[in-house]
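Trainee: Build me a structure from this.
(one chain, ligands or ions: 2)
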Amino acid sequence: MKITVIGCGYLGATHAACLAELGFDVLGVEIDERKLDALAKGDLPFYEPGLDTLLVKQVESGKLRFTSSMKEAAEFGDAHFLCVGTPQRKDGNGADLTYVDGAIESLAEHLTRPTLVIGKSTVPVGTAERLLGILQDKAPAGTDVDLAWNPEFLREGFAVEDTLTPDRLVLGVRNAEAEATLREIYATPIAGGTPVIVTDFPTAELVKVAANSFLATKISFINAMAELCEATGADVVTLADAIGHDARIGRRFLNAGVGFGGGCLPKDIRAFMDRADELGVKDALRFLREIDRINLRRRKRVVKLAKAELGDLEGKRIAVLGAAFKPDSDDIRDSPALDVAVALHAKGADVVVHDPKATGPASAKHPQLSYTESVEEAARGAQLVLHLTEWKEYRALSAAELGDLVAERTIIDGRNCLDQAAYRDAGWTIRSLGRP
Ligand SMILES: NC(=O)C1=CN([C@@H]2O[C@H](COP(=O)(O)OP(=O)(O)OC[C@H]3O[C@@H](n4cnc5c(N)ncnc54)[C@H](O)[C@@H]3O)[C@@H](O)[C@H]2O)C=CC1
Ligand SMILES: O=C(O)[C@H]1O[C@H](OP(=O)(O)OP(=O)(O)OC[C@H]2O[C@@H](n3ccc(=O)[nH]c3=O)[C@H](O)[C@@H]2O)[C@H](O)[C@@H](O)[C@@H]1O
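Mentor: Residues are numbered from 1 along each chain as shown. Ligands and ions are numbered 1, 2, ... in the order given. From the prediction side, this is the model:
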């Protein structure tokens, strides 16, 4: 089977390379020329562990090619995965479906043979049905076209592993033929034991946003507990460990700190609320508004803690460790770390940002901040250090050596994962979110 992957960003590039690894002939379609040029050469235009080597391998083997031509894609593929972005709309909280609609329309116009389009982008419930209508309307008369919805659950930083061995596969289909095609595509993970849930379009679409809403809720729950801990002198890490021992609760995703960011959780819960409102069931998701508010309050809390330590921020040198929204990624979309850095800079602080992988995208988006190549350079002369993205190299830093570089041994551990005792032993004042 020949497969195309339309939209080769964080999701699509991974999906394309993994499908080639599974043995398919794959054509990636990308309209951004910079990304296309890089991908075609086997250069990954972003950072994702393990994907760089997989991409080179598959491009060199000839199993994976890239194009910007939808006509070429339509002629090439038996199945087409739709992986374009669905960002938050500029004028509101809903999802911007321009890219999804545009991709389906231009693909449909060029189709000339039986085709299955498989949606992967995260969309508001009801979108798949609407896209099927567009596909049927725009495809040349008599062309046999069908659509399936197969949401994606990969995590950045683990994208290859999550794609090749997913937790589960959700197949939203209208008929047995579409299910059979998807089972053929995913034959390897299915043979490896990946559970398969076969369902209808709305359930498949809802599974995706429900999963992300649950994850966001879990994080904001523990961050709400952190606020209580701050008010009482309790320790949120011990609390999370203790409740996490209950298998019904579980310890994962209970790491309190500066909260969730990225290109998915924040925009997905907002788009979900927006869709619930359109469907007349706004009240059902009212709690997600609070989840969002708790999350954003954590960023403000870090700024407040910085002010409490430094007083007037004008001219104060602050080292920010971390720019990506999470470690092992260079993705800065809605990054809590950068949000805090930008807020401190706006209050007059001299902010120096370090990140092992994300200073390129960060400096392009926020050129007003200073960036350094090394942690040492960032720390030198700092009156305050903020630990905001938990890269493992930050956890490995020596509190004593870092202490020799800074002007003041004060650090805010915005991710609650530094060895706080070691910092105290080295004479640091350490402030955390939700820990005494
Ligand atoms: N990033 C992630 O870890 C995951 C993302 N998703 C969902 O997948 C979708 C894509 O997300 P990302 O890959 O992060 O976004 P992204 O912005 O990194 O990638 C989207 C790509 O689609 C391209 N594109 C837009 N219109 C196109 C067209 N007509 N033809 C060809 N290419 C086109 C863009 O140039 C861009 O490179 C979103 O709906 C997101 O919510 C779902 C699970 C995981
Ligand atoms: O829809 C998506 O795009 C993806 O969104 C998330 O994946 P991702 O955004 O890559 O990152 P996560 O690991 O979920 O982390 C999200 C944010 O929550 C934060 N987080 C995570 C866990 C935690 O305990 N505490 C916490 O603050 C992270 O630092 C990060 O900013 C989901 O985990 C994926 O299953 C989903 O496919």
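
Trainee: Remind me what the helix or strand Gly133 falls within packs against, helices and strands.
Mentor: Assigned by DSSP states H and E, Gly133 belongs to helix 127-138. The contact analysis (3 or more C-beta pairs under 8 Å, 6 or more residues apart in numbering; DSSP states H and E) places helix 127-138 against helix 98-110, strand 115-119, strand 145-149, helix 201-232. No exception for glycine: its C-beta is placed from N, CA and C like everyone else's.

Trainee: Tell me which of the ones you listed lies nearest to ligand 1.
Mentor: Set against ligand 1 and scored by C-beta to the nearest ligand atom, those come closest in helix 98-110, at 3.8 Å.

Trainee: For ligand 1, tell me whether the closest one is touching it.
Mentor: Yes. Applying C-beta under 6 Å from any ligand atom, one finds helix 98-110 in contact with ligand 1 at Tyr99, Gly102, Ala103.

Trainee: Which one of the residues you listed is nearest to Ala271?
Mentor: Tyr99 (13.8 Å; C-beta to C-beta).

Trainee: how about the residues of the stretch 201-350 of the chain near ligand 1?
Mentor: Residues of the stretch 201-350 of the chain lying close to ligand 1 (C-beta under 6 Å from any ligand atom) are Gly263, Cys264.

Trainee: Please report the distance of the residue nearest to Tyr186 when sequence neighbours are not counted from ligand 1.
Mentor: Excluding its sequence neighbours, the residue lying closest to Tyr186 (C-beta to C-beta, 6 or more residues apart in numbering) is Leu169, at 5.6 Å. Leu169 sits 13 Å away from ligand 1, going by C-beta to the nearest ligand atom, to the nearest Å.

Trainee: can you pull up the bridge partners for Leu169?
Mentor: Bridge pairing for Leu169 (DSSP bridges) gives the partners Val196.

Trainee: before we move on, the earlier item: is it possible to export the helices and strands packed on helix 127-138 to CSV including mean neighbour count, distance to ligand 2 and mean pLDDT?
Mentor: Shown next, in CSV, are those (neighbours: other C-beta atoms under 10 Å; distance: least, C-beta to the nearest ligand atom, whole Å; pLDDT from 0 to 100):
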stretch, mean neighbour count, distance to ligand 2, mean pLDDT
helix 98-110, 19, 15, 98
strand 115-119, 24, 14, 97
strand 145-149, 24, 14, 98
helix 201-232, 19, 4, 98
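
Trainee: picking up where we left off before, residues near the residue nearest to Tyr186, how many?
Mentor: 20 (other C-beta atoms under 10 Å).

Trainee: Am I right that Glu377 falls within a helix?
Mentor: Yes. The assignment for Glu377 is a helix, going by DSSP: H, G, I helix; E, B strand; the rest coil.

Trainee: hang on, isn't it packed against His354?
Mentor: Yes. The criterion here is C-beta atoms under 8 Å, and Glu377 meets it with His354 at 7.5 Å.

Trainee: okay, the two: which has more neighbours?
Mentor: His354 (25 against 15).

Trainee: Tell me who's in contact with that one.
Mentor: Ala319, Val320, Leu321, Gly322, Ala323, Tyr371, Thr372, Glu373, Ser374, Val375, Glu377, Ala378 (C-beta atoms under 8 Å, 6 or more residues apart in numbering).

Trainee: My guess is the second one contacts Val353. True?
Mentor: To tie it back to what came earlier, the one meant is Val320. Yes. With contact defined as C-beta under 8 Å, Val320 and Val353 form a contacting pair (4.6 Å).

Trainee: Between those two, which contacts overlap?
Mentor: Listed as contacting both Val320 and Val353 by C-beta under 8 Å, 6+ apart are Ala337, Ala341, Ala378.

Trainee: And the last one, how far from ligand 2?
Mentor: The gap separating Ala378 from ligand 2 is 20 Å, by C-beta to the nearest ligand atom.

Trainee: need the contact list for that residue.
Mentor: Residues near Ala378 by C-beta under 8 Å, 6+ apart: Ala319, Val320, Leu321, Val352, Val353, His354, Thr372.

Trainee: Pairing partners for the second one in the sheet, please.
Mentor: Per DSSP bridges, the residues bridged to Val320 are Val353, Leu386.

Trainee: distance of it from Val258?
Mentor: Val320 sits 11 Å away from Val258, going by C-beta to C-beta, to the nearest Å.

Trainee: any weak-confidence spans in the stretch 51-200 of the chain?
Mentor: Low-confidence segments of the stretch 51-200 of the chain (pLDDT under 70): none present.

Trainee: what does it put close to ligand 1?
Mentor: Contacts of the stretch 51-200 of the chain with ligand 1, taken as C-beta under 6 Å from any ligand atom, map to Cys83, Val84, Gly85, Thr86, Tyr99, Gly102, Ala103, Ser121, Thr122, Glu152, Leu154, Glu156.

Trainee: gap between the nearest residue to the second one once chain neighbours are set aside and Ser121?
Mentor: Think Val84. The shortest distance from Val84 to any non-neighbouring residue, by C-beta to C-beta, 6+ apart, is to Gly7 (3.4 Å). According to C-beta to C-beta, Gly7 and Ser121 sit 7 Å apart.

Trainee: which neighbours do these two share?
Mentor: Joint contacts of Gly7 and Ser121 (C-beta under 8 Å, 6+ apart) are Leu82, Cys83, Val84, Gly85, Tyr99.

Trainee: out of these, which are inside strands?
Mentor: Among those, the residues falling in strands (DSSP state E) are Leu82.

Trainee: Please list only the buried members of the shared contacts of Gly7 and Ser121.
Mentor: By neighbour count, with 16 or more other C-beta atoms under 10 Å, the shared contacts of Gly7 and Ser121 hold Leu82, Cys83, Val84, Gly85, Tyr99 as buried.

Trainee: avg pLDDT for stretch 393-407?
Mentor: For stretch 393-407, mean pLDDT rounds to 97.
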